[in-house]
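# pasting a predicted model and its sequence here:
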Amino acid sequence: MTDWIKAARLRTLPLSISGIIMGSFIARWKLLQNGETWDWTIFALALLVTLLYQVLSNYANDYGDGVKGTDKNRIGEAEQRAVASGKISASQMRNAVILFALLSLVATFYLLYKAFFPNFINEFYTFIGLGVACILAAIGYTVGKKPYGYLGLGDIMVFIFFGLVSVCGSYFLFTKSFDWDILLPASAIGLLSAAVLNLNNMRDIENDEKSGKKTLALRLGFKNAMIYEMIILVLPPILVLMYMMINHLQEQGKYYAFIFFVTVFPLMSLRRKIMAVKEPKELDPFLKQVAMITFVMSILVAIGLNYFS
């Protein structure tokens, strides 16, 4: 059981639910402003579905990299993968991927039934398609003949699914509408998620080069990947700030809504530390730190909008 828990990579879970928290609580703020209700059940189900997607993705990643031999050169306990190390067989992990794909599909169906039936049938079917796309994306990062993670497309896919789909999708579950300004916080979460992936790929750049995994970091080279990292770590607080100002919160005197901006300071400190790194393996601790800052930012946005404004 311990090996399965390690393979689930629990440290990735806070990042995966950050977009759901951001989108859901922005929706709550909007709905309560208009005297409408917000359903905690839908929020809880959305969290469950997202966690299932993430565990599915982690198991699929372990399986895909394991059978392709990508993980065989990893050094250190933190980067030992279950299949590559032989702790879990490839067939067992494949069965786990199938199981979690089915669980994800069932949970997605129930979430969308609760959110859209009986008055929003078209939206229900549209989101079923989106849910299937999420499941395929979770598996397709490293599994298959041409996994997109090996083609340098991981960053854009993470931006889309962790950011745009997660935030905009959860927002729509509650409001049944799409507002263009929601793309700002959605992009913020997407960029931070891409920052975590880029750090991961920068750390693994030497091993990925040997195994033929052509990540964006490998294509850019370590130096340019570092510049890319600095850029995508600067933008997220600015994007959320733009969202707050577009909605005139500063004019309404709702200054607590801007409490999220305190995350600028740990991000500044983190950027300096990352820039000082010379060896790729030294980047590992920063993955968790960026993920936790993302999680904290989403919590602060939720609190600032809903409980102080």
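Cool, the structure landed. Residues are numbered from 1 along each chain as shown.

# just the helices in the chain please.
2-7, 13-33, 40-68, 82-85, 90-116, 121-140, 154-158, 169-175, 183-203, 205-211, 216-220, 222-246, 264-275, 284-303 (DSSP state H).

# would you list the ones you listed in TSV and tack on mean pLDDT, distance to Y148 and mean neighbour count?
Quick note: C-beta positions are derived from backbone N, CA and C, even for glycine. Below are the helices of the chain laid out as TSV (pLDDT from 0 to 100; distance: least, C-beta to C-beta, whole Å; neighbours: other C-beta atoms under 10 Å):
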stretch	mean pLDDT	distance to Y148	mean neighbour count
helix 2-7	88	21	14
helix 13-33	97	18	23
helix 40-68	94	11	22
helix 82-85	82	20	22
helix 90-116	96	16	18
helix 121-140	96	6	16
helix 154-158	96	6	20
helix 169-175	98	20	23
helix 183-203	97	12	25
helix 205-211	87	14	16
helix 216-220	95	11	20
helix 222-246	97	18	17
helix 264-275	96	25	14
helix 284-303	96	20	20
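
# switch the ones you listed over to JSON lines; also include distance to G253.
Converted to JSON lines, those look like this (distance: least, C-beta to C-beta, whole Å):
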{"stretch": "helix 2-7", "distance to G253": "47"}
{"stretch": "helix 13-33", "distance to G253": "15"}
{"stretch": "helix 40-68", "distance to G253": "28"}
{"stretch": "helix 82-85", "distance to G253": "53"}
{"stretch": "helix 90-116", "distance to G253": "34"}
{"stretch": "helix 121-140", "distance to G253": "36"}
{"stretch": "helix 154-158", "distance to G253": "37"}
{"stretch": "helix 169-175", "distance to G253": "25"}
{"stretch": "helix 183-203", "distance to G253": "21"}
{"stretch": "helix 205-211", "distance to G253": "48"}
{"stretch": "helix 216-220", "distance to G253": "43"}
{"stretch": "helix 222-246", "distance to G253": "13"}
{"stretch": "helix 264-275", "distance to G253": "22"}
{"stretch": "helix 284-303", "distance to G253": "17"}
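
# of all those helices, which lies closest to Y256?
helix 284-303 (8.1 Å; C-beta to C-beta).

# got the contact list for that closest one?
Contacts to helix 284-303, defined as C-beta atoms under 8 Å, 6 or more residues apart in numbering, come from residues 11-12, 14-15, 17-19, 21-22, 24-26, 28, 78-79, 185, 188-189, 192-193, 195-196, 199-200, 203, 233, 236-237, 240, 257, 259-260, 262-263, 266-267, 270, 273-274.

# what about H248, distance to P185?
Distance, H248 to P185, using C-beta to C-beta, to the nearest Å: 16 Å.

# again, but for F117
Applying C-beta to C-beta to F117 and P185 gives a distance of 28 Å.

# again with E279
In terms of C-beta to C-beta, E279 sits 34 Å off from P185.

# for F120, phi and psi?
Backbone torsions of F120, given as degrees, to the nearest 10, read phi -130, psi 60.

# wait, what's in contact with the residue nearest to it when sequence neighbours are not counted?
For F120, ignoring the flanking residues on the chain, the nearest one in space by C-beta to C-beta, 6 or more residues apart in numbering is K176 at 6.0 Å. By C-beta under 8 Å, 6+ apart, the contact list for K176 reads F116, F120, E123.

# does the last one touch F116 like I think?
To tie it back to what came earlier, the one meant is E123. Yes. When contacts are counted by C-beta atoms under 8 Å, E123 is listed as touching F116 (5.0 Å).

# I figured L267 hits V240, correct?
No. Using C-beta under 8 Å, L267 makes no contact with V240, being 11.9 Å away.

# joint contacts of the two?
By C-beta under 8 Å, 6+ apart, no residue touches both L267 and V240.

# could you report the distance from R219 to P236?
23 Å.

# next: V143.
30 Å.

# and if you look at N247?
17 Å.

# what of L300?
12 Å.

# swap in V277?
21 Å.

# go on, T41?
From T41 to P236 the distance is 29 Å (C-beta to C-beta).

# stretch 25-36: how far from the chain's middle?
24 Å (C-alpha atoms, centre = their mean, to the nearest Å).

# give me the contacts around that stretch.
By C-beta under 8 Å, 6+ apart, the list of residues contacting stretch 25-36 from outside reads 37-38, 167, 170-171, 173-175, 179, 182, 185, 298, 301-302, 305-306, 309.

# count of residues packed around the nearest residue to F172 once chain neighbours are set aside?
Excluding the flanking residues, the one nearest F172 by C-beta to C-beta, 6+ apart is F178, at 6.0 Å. For F178, the tally of surrounding residues (other C-beta atoms under 10 Å) stands at 11.

# do the same with F261
16.

# what sits against the closest residue to it other than its chain neighbours?
Spatially, and ignoring its direct neighbours in sequence, F261 is nearest to P237 (5.9 Å; C-beta to C-beta, 6+ apart). Residues in contact with P237 (C-beta under 8 Å, 6+ apart) are A188, F260, F261, T263, V264, L267, M297.
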